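Colleague: output the structure for:
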Amino acid sequence: MKWIKWAAIRKLNLKYKVDLVCLQETKKENFTKLICQNIWGDSNVSWDSVPSVHTVGGLLCMWNNSDFEVDRRVKGRNFLMLVGTWIKDNLKLFIVNVYAPCDLVGKRDLWEELRQLKASNPEGLWCFLVDFNSIRSQDERTGSSQRSVGTYDSSGFNDWILDMEIQEIKSFGSIFTWCRPNGSVRSRLDRCLVSEKWLLKWPDSSQQVLHRDYSDHCPIILKTDLVDWGPKPFRVMDCWLKNKEYQRLVKEVWCGDQQLGWGSIDRTLSEDEVKSMKSIQQELWQVSFAYESLLRQKSRIKWLKEGDSNTAFFHKTINFRRHYNTIQGIFIDDVWVQQPKLIKDEAVKFFASRFTEEKLTRPTLDGVQFKMITHTQSEEMIAPFTDHELKEAVWSCGGDKCPGPD
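Modeller: Presented below is the predicted three-dimensional model:
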């Protein structure tokens, strides 16, 4: 049976051209070079593992050293951390493979151990590829009667994720990642959690839950590819309009070449130059206020109107909103598609069909008497808008965004 599972993993490795594989609950005490090469699909593989306790637990990580150069490994009973350099971008990565125990006490001990591990290594990009044997809400489990235990477990798990400053990346495919052989209980136990720096580098990160075959868990593919959707639409930020030089700058750039480059001064400034520097300092403050306004508008935070800007908070809000609004792909004829051109063509096809009507024979309403409006009401409906009505409509619009079609 194990050879069949290894062959299935090798097939996925070759199909998706993965750079790193993390396996949980291997139920194996040690792995040889031959076994890892057989699972990986070729001889160019490095690996490390955490042995199982008899037939319980066990972890295995495999990677290609030409892509990910591992220089440090940290092992615990329930986790295996790889620290190394992602060669393509010269980035320091922390990859943590986790298989949590089923009891709540054991989970909390593991959470605390991982919290201390991350706190002692604040730099770098973090990614947790985990089977925590925990759910985040009751929507992630069906068929279980132990709802009260699940609720208590979920609260602690969500608090730990918040305290770790990591977040679950967008997922598509199956909602549940594990099920009993008879299908009576299904849960979402496996997930990918990443740090904010990870999402800043790879904002299009997503996890695809594939169909399971020989295992009771579904395999998950973590993707970090940047998708090119073409030119982005131009947007005007309201902070630009508050700058007195805005119209002049737009006109100059539109009509001529924008002058690039910066100068530097290494001497004693004259009195006029000191005044100029003070003026520039004042302009810097104005630009800072404009930047705060820009962040406020992008983050869509309406309740924060005055005071200091919490830049880190704004950036997290912007990135979170941008990440979850990103379209990673769609199903076309039950096939997951991520190519932008195919998605755009399908969207055009969908809306074209919605707004295209076949020729139908419609019943007539001859002889049906309808209530009619009076002549005065008819004139009021086509009367020009008054200045008061226009002012009320404009003044009712939010100052940080464009009015909608309503």
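Colleague: could you use CA atoms for every contact and neighbour count after this?
Modeller: Fine.
Colleague: please name the bridge partners of residue 191.
Modeller: residue 130 (DSSP bridges).
Colleague: that one contacts residue 127, correct?
Modeller: No: with contact defined as CA atoms under 8 Å, residue 191 does not reach residue 127; the gap is 10.5 Å.
Colleague: residues contacting residue 217?
Modeller: Residue 217 makes contacts with 177, 178, 179, as judged by CA atoms under 8 Å, 6 or more residues apart in numbering.
Colleague: for the last one, which residues make a bridge with it?
Modeller: The one in question is residue 179. Residues in beta-bridge contact with residue 179 (DSSP bridges): residue 186.
Colleague: from residue 71, how far off is it?
Modeller: From residue 179 across to residue 71, the span is 37 Å (CA to CA, to the nearest Å).
Colleague: more crowded one of those two?
Modeller: Using other CA atoms under 10 Å as the criterion, residue 179 and residue 71 rank with residue 179 on top: 21 against 9.
Colleague: could you export the contacts of residue 217 as a markdown table, including pLDDT and distance to residue 359?
Modeller: A markdown table is the format used below for the contacts of residue 217 (pLDDT from 0 to 100; distance: CA to CA, whole Å):
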| residue | pLDDT | distance to residue 359 |
| --- | --- | --- |
| 177 | 93 | 47 |
| 178 | 92 | 49 |
| 179 | 89 | 49 |
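Colleague: tell me the one of the residues you listed nearest residue 276?
Modeller: Here the nearest of those to residue 276, counting by CA to CA, is residue 177; it sits at 63.4 Å.
Colleague: pretty sure that closest one contacts residue 192?
Modeller: No: counting by CA under 8 Å, residue 177 sits too far from residue 192 to count as a contact (11.9 Å).
Colleague: quick one: the strands in the stretch 51-200 of the chain, in order.
Modeller: Secondary structure of the stretch 51-200 of the chain, counting by DSSP state E, counting those that start in this stretch: strands at 59-63, 68-75, 79-86, 91-99, 125-131, 141-142, 166-168, 171-173, 178-179, 186-187, 190-195.
Colleague: just put those strands in a markdown table and tack on distance to residue 241.
Modeller: Shown next, in a markdown table, are the strands of the stretch 51-200 of the chain (distance: least, CA to CA, whole Å):
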| stretch | distance to residue 241 |
| --- | --- |
| strand 59-63 | 51 |
| strand 68-75 | 47 |
| strand 79-86 | 42 |
| strand 91-99 | 39 |
| strand 125-131 | 37 |
| strand 141-142 | 50 |
| strand 166-168 | 36 |
| strand 171-173 | 39 |
| strand 178-179 | 53 |
| strand 186-187 | 51 |
| strand 190-195 | 35 |
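Colleague: and residue 373, which of those strands is closest to it?
Modeller: Nearest of the strands of the stretch 51-200 of the chain (CA to CA): strand 171-173, 52.6 Å.
Colleague: hmm, who's touching that closest one?
Modeller: Under CA under 8 Å, 6+ apart, the answer for strand 171-173 is 206, 207, 208, 209, 210.
Colleague: what about the first one, distance to residue 126?
Modeller: Right, residue 206. 15 Å.
Colleague: quote the end-to-end distance of stretch 195-205.
Modeller: 11 Å.
Colleague: so which bits of it are buried?
Modeller: 195, 196, 198, 199, 203, 204, 205 (16 or more other CA atoms under 10 Å).
Colleague: among these, which pair sits farthest apart?
Modeller: Longest span within those, CA to CA: 195 and 204, 13.5 Å.
Colleague: where are the low-confidence patches of the stretch 101-250 of the chain?
Modeller: Across the stretch 101-250 of the chain, the ranges flagged by pLDDT under 70 are 144-152, 234.
Colleague: neighbours around the residue nearest to residue 184 when sequence neighbours are not counted, how many?
Modeller: The shortest distance from residue 184 to any non-neighbouring residue, by CA to CA, 6 or more residues apart in numbering, is to residue 143 (5.8 Å). For residue 143, the neighbour count with other CA under 10 Å is 12.
Colleague: show me the contacts for residue 143.
Modeller: Taking CA under 8 Å, 6+ apart, one finds 184, 185, 186 in contact with residue 143.
Colleague: most neighbours of all the residues you listed, which one?
Modeller: That'd be residue 186 among the contacts of residue 143, by other CA under 10 Å, with 20 neighbours.
Colleague: wait, what's in contact with that one?
Modeller: 141, 142, 143, 176, 177, 178, 179, 180.
Colleague: break the protein down into its domains, please.
Modeller: 2-223, 238-325, 330-383 (automatic domain parsing).
Colleague: ok, and which of those domains has the densest surroundings?
Modeller: Among the domains of the chain, domain 2-223 has the highest mean neighbour count (mean count of other CA atoms under 10 Å), at a mean of 17.
Colleague: show me the contacts for the closest residue to residue 74 other than its chain neighbours.
Modeller: Leaving aside its chain neighbours, residue 74 sits nearest to residue 81 (5.0 Å; criterion: CA to CA, 6+ apart). Contact analysis of residue 81 by CA under 8 Å, 6+ apart lists 73, 74, 75, 94, 95, 96, 97.
Colleague: partner residues bridging the fourth one?
Modeller: Following DSSP bridges, residue 94 is listed with bridge partners residue 83, residue 126.
Colleague: OK, contacts around the residue nearest to residue 80 when sequence neighbours are not counted?
Modeller: Leaving aside its sequence neighbours, residue 80 sits nearest to residue 97 (CA to CA, 6+ apart; 5.2 Å). Applying CA under 8 Å, 6+ apart, we find residue 97 in contact with 22, 23, 24, 59, 61, 79, 80, 81, 128, 129, 130.
Colleague: so which of the residues you listed sits lowest on pLDDT?
Modeller: Among those, residue 130 has the lowest pLDDT, at 90.
Colleague: now that one: how far from residue 59?
Modeller: Taken as CA to CA, the span from residue 130 to residue 59 is 11 Å.
Colleague: any common contacting residues for these two?
Modeller: 24, 97, 98, 99.
Colleague: tell me how far the first one lies from residue 73.
Modeller: Think residue 24. 17 Å.
Colleague: quick one: the helices in the protein?
Modeller: Assigned by DSSP state H, the helices in the chain fall at 2-16, 33-40, 104-119, 147-164, 196-201, 238-241, 246-255, 271-299, 311-325, 340-354, 375-381, 387-395.
Colleague: nearest to residue 331, of the ones you listed?
Modeller: helix 340-354 (9.1 Å).
Colleague: nice, that's everything, thank you.
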